[in-house]
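S.K.: How does the following fold in three dimensions:
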Amino acid sequence: MSEPDAGPGPGPDADAGPDRLDRLDRDDAPPPARCAPVLAAAFVREPAMTWIAGGSDRVRRAWFSATLRTHATLPGARRHLLTDGAGRPVAAAVLTPPAAVPSGAARSAWAARTLVGCGPRTLVRTLRYLHAAEAGIPAGAWTLEFIGVQPEAAGRGAGGRLLSHLLAATPAPGGIFLTTADEANVRLYHRFGFTVLRRLTVGPLEVTAMWRPA
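M.R.: Presented below is the predicted three-dimensional model:
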């Protein structure tokens, strides 16, 4: 899933705009607890997250907290965070190394936290999405799980800068894979070198799987 910018696409045009965020600091090893609220806010209208969380702010926040906590147990997992001049988080991204999967204990703990904090419908819908989306990951590819920008910073270049940084910084000879249920994001990712691998249907969602070669 991805929601790189809730406003205009964060490419060169957004970076050059009059409201561009000039002062952004980067943290390439932030704790999950700093990234989760940013992504929960960024994904408020993202189609897949809306379907999974049922439109509930509380469920969406609990889901990101549980999911990023589990993701952090993966060896080599990466998180990136941009903050403004006052130290406020602006944008976050989460990546999974090739073929990395949580341990059985970590998966069980995630399922328990998700069931308690979000309810059975959210748990089942998440598993449906993952089963469909992860089936076509190219061998050796990293997965860009999430990238998002705080709504109040949308359209000001933060998403584009974060995406450009992680594409340059991730050692990905097998490329980078992602999925998006927002058709507007497909055009954005094309501009960053991603191509469409396949399209799939998950419940009411039309999901596009994309890949960017090394």
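S.K.: can you pull the buried residues of stretch 89-100?
M.R.: By 16 or more other CB atoms under 10 Å, the buried positions in stretch 89-100 come out as 89-98. Just so you know, the C-beta spots here come from the backbone N, C-alpha and C atoms, and that holds for glycine as well.
S.K.: Looking at these, which is nearest residue 147?
M.R.: For residue 147, the closest of these turns out to be residue 93, at 4.1 Å, with distances computed as CB to CB.
S.K.: Packing partners of the strand or helix carrying that closest one?
M.R.: For residue 93, the element it lies in under DSSP states H and E is strand 89-96. Helices and strands in packing contact with strand 89-96 are listed as helix 32-42, helix 57-71, strand 78-83, strand 142-149, helix 158-169; criterion 3 or more CB pairs under 8 Å, 6 or more residues apart in numbering; DSSP states H and E.
S.K.: I'd like the mean pLDDT over the first one, please.
M.R.: Just to be clear, that refers to helix 32-42. Looking at helix 32-42 alone, the average pLDDT works out to 97.
S.K.: With just CA atoms, put it into PDB.
M.R.: Extracted as PDB, the C-alpha positions of helix 32-42 are listed here (Å, rounded to 0.1, in the frame of the first residue of the first chain):
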ATOM      1  CA  PRO A  32       8.200   2.500  14.700                       C
ATOM      2  CA  ALA A  33       6.300   4.600  17.200                       C
ATOM      3  CA  ARG A  34       7.400   7.800  15.300                       C
ATOM      4  CA  CYS A  35       6.400   6.500  11.900                       C
ATOM      5  CA  ALA A  36       3.000   4.900  12.700                       C
ATOM      6  CA  PRO A  37       1.100   8.200  13.500                       C
ATOM      7  CA  VAL A  38       2.400   9.800  10.300                       C
ATOM      8  CA  LEU A  39       1.200   6.900   8.100                       C
ATOM      9  CA  ALA A  40      -2.100   6.600  10.000                       C
ATOM     10  CA  ALA A  41      -2.800  10.300   9.100                       C
ATOM     11  CA  ALA A  42      -1.500  10.000   5.500                       C
END
